[in-house]
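A.B. asks: Could you work out the structure for the sequence below:
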Amino acid sequence: MLVNGRPEMVARAIRSFRAQTYERKRLLLWDSTPELICCDQTEHDGVYHIPAADAGSIGALRNAANGFWTKFPIIAHWDSDDWSDPKRLALQVKVIKDTKKAVCGFSTMLFVDEEKQKAWRYRAPDRVIGSSLMYTREFWQHN
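C.D. replies: Below is the predicted model of the structure:
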């Protein structure tokens, strides 16, 4: 999860991650916040905080984070301002393993604004929503 400010969202994203039913999960908090907002919640329950230099673009930051831990065969995007259903990771890992596909994601997601107490379903029927991507490390390395 790329982190740059917004500690209240980071805390919510960590809670959402911890609620995931997939047991072999790890969350890397790739934190380019100058004052290092995170956290008293690190390095337990599979959550690891890594202070990182701002590499510029989101793509460059994701590539730096993805290259940090080479021992994990599957990578999932986890955004600090998203909530994920507790079965999200387990479902996506199953899809990758069962279909032997290298990438999966969702084209419809529920978004929640807790402050305004609003929720809406976002649909992108002709593409995958970037914050829902999961892919194999091998696919990432070749692309």
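A.B. asks: my read: Ala102 touches Arg137, true?
C.D. replies: No: between Ala102 and Arg137 there is no contact under Cβ atoms under 8 Å: 9.7 Å. In this view, the C-beta of every residue, glycine as well, is placed from N, C-alpha and C.
A.B. asks: which secondary element of this protein has the worst mean pLDDT?
C.D. replies: The least trusted helix or strand in the chain, going by mean pLDDT, DSSP states H and E, turns out to be strand 108-113, with a mean of 80.
A.B. asks: Would you agree Tyr135 is in contact with Val103?
C.D. replies: Yes: contact between Tyr135 and Val103 holds when scored by Cβ under 8 Å: they sit 4.4 Å apart.
A.B. asks: So those two - more neighbours on which side?
C.D. replies: Between Tyr135 and Val103, counting by other Cβ atoms under 10 Å, Tyr135 is the more crowded of the two (20 against 15).
A.B. asks: ok, and what's touching stretch 129-143?
C.D. replies: Contact with stretch 129-143 is made by 66, 70, 72-79, 82, 88-89, 92-93, 96, 102-109, 122, as judged by Cβ atoms under 8 Å, 6 or more residues apart in numbering.
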